[in-house]
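Engineer: any chance you can model this:
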Amino acid sequence: MASEATAEGGSSLEFHPMDQFIVKPLFGGDAVSWYTPTNVTLWLALAVLAVFALLVLGSSKRAIVPSRGQSVAELAYGFIYKMVEDVTGKDGIKYFPYIMTLFMFIVCANFLGLIPMSFTTTSHIAVTAVMGFGVFIAVTVLGFVKNGASFLSLFWVSSAPLPLRPVLALIELISYFVRPVSHSIRLAGNMMAGHAVLKVFAGFAQVTAVAPIAIFGVMAIYGLEVLVSFIQAYVFTILTCVYLKDALHPHH
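Structural biologist: Okay, the predicted model is just below:
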């Protein structure tokens, strides 16, 4: 995708907002294989290191008067713990480490993507689909392990009139298998769209005639992207909690 604007003096400006999402090998070349270290590999590793630094190193001293890092780690821990407890109940607390890991990885990857010249890993469906389908498979297996065949009652709306139940069961079944797709596309789509718009405004900032408006637009959208980065991590996490609740308590 390319956009073109004409600046004063007859010169033209061309920028490609989608180029920031291109996967490139770290050490040169054009071929990308499954084993090739790429910019995606680098920023995924940095996201993991960021989670480790915040949760492990930041809270390693466990001081009575917490440092900034320990305060952030404790706030994140309490926030997600309360979410899991409120949505899934006491039965879901044992799965808190998995949900906490998901949230921290997504939020760190999203915020790292806001650094200029960085790469937003969560804008790629290949990354978000692994997490989305991972949640789907884990929840489905857990549902059958915990409830056996009665897990299928999740699709049978017993409170509805009997003639409508088969139709509702089909709708519930379809919506269940759509979950991992919507779960992953929502995150990737929001991150890609926001960064593309940010790139467009940054390109227009080079045009003298509209530079002040474009710069203000960049600042406003960047602030919005900071908010979106957190909200999307929150949405992904709370939906995971909702799906977990269905697996633990499938009966309507």
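
Engineer: where does the stretch 1-150 of the chain have low pLDDT?
Structural biologist: 1-14 (pLDDT under 70).

Engineer: residue 70: how many residues sit nearby?
Structural biologist: Neighbours of residue 70 under the rule other C-beta atoms under 10 Å: 19. Just so you know, the C-beta spots here come from the backbone N, C-alpha and C atoms, and that holds for glycine as well.

Engineer: quick one: residues contacting the nearest residue to it once chain neighbours are set aside.
Structural biologist: In this structure, residue 70 finds its nearest non-sequential neighbour in residue 59, 4.9 Å apart by C-beta to C-beta, 6 or more residues apart in numbering. Shown in contact with residue 59 (C-beta atoms under 8 Å, 6 or more residues apart in numbering): 69-70, 73-74.

Engineer: now do the strands in the chain.
Structural biologist: Assigned by DSSP state E, the strands in the chain fall at 3-6, 12-15.

Engineer: name the nearest residue to residue 51, sequence neighbours excluded.
Structural biologist: residue 104 (4.6 Å).

Engineer: I'd like to know how far the one you found sits from residue 124.
Structural biologist: Per C-beta to C-beta, to the nearest Å, residue 104 is found 19 Å from residue 124.

Engineer: those two: which is more packed in?
Structural biologist: Legend: neighbour count by other C-beta under 10 Å for residue 104 and residue 124, higher for residue 104 (23 against 19).

Engineer: hmm, the more buried one is touching residue 76, no?
Structural biologist: Yes - at 6.6 Å, residue 104 counts as touching residue 76 under the criterion of C-beta atoms under 8 Å.

Engineer: so what sits against both of the two?
Structural biologist: Common contacts of residue 104 and residue 76 (C-beta under 8 Å, 6+ apart): 54-55.

Engineer: tell me the gap between stretch 174-183 and the middle of its chain.
Structural biologist: 16 Å (C-alpha atoms, centre = their mean, to the nearest Å).

Engineer: roughly how far is stretch 192-209 from the heart of the chain?
Structural biologist: For stretch 192-209, the distance to the chain centre is 23 Å (C-alpha atoms, centre = their mean).
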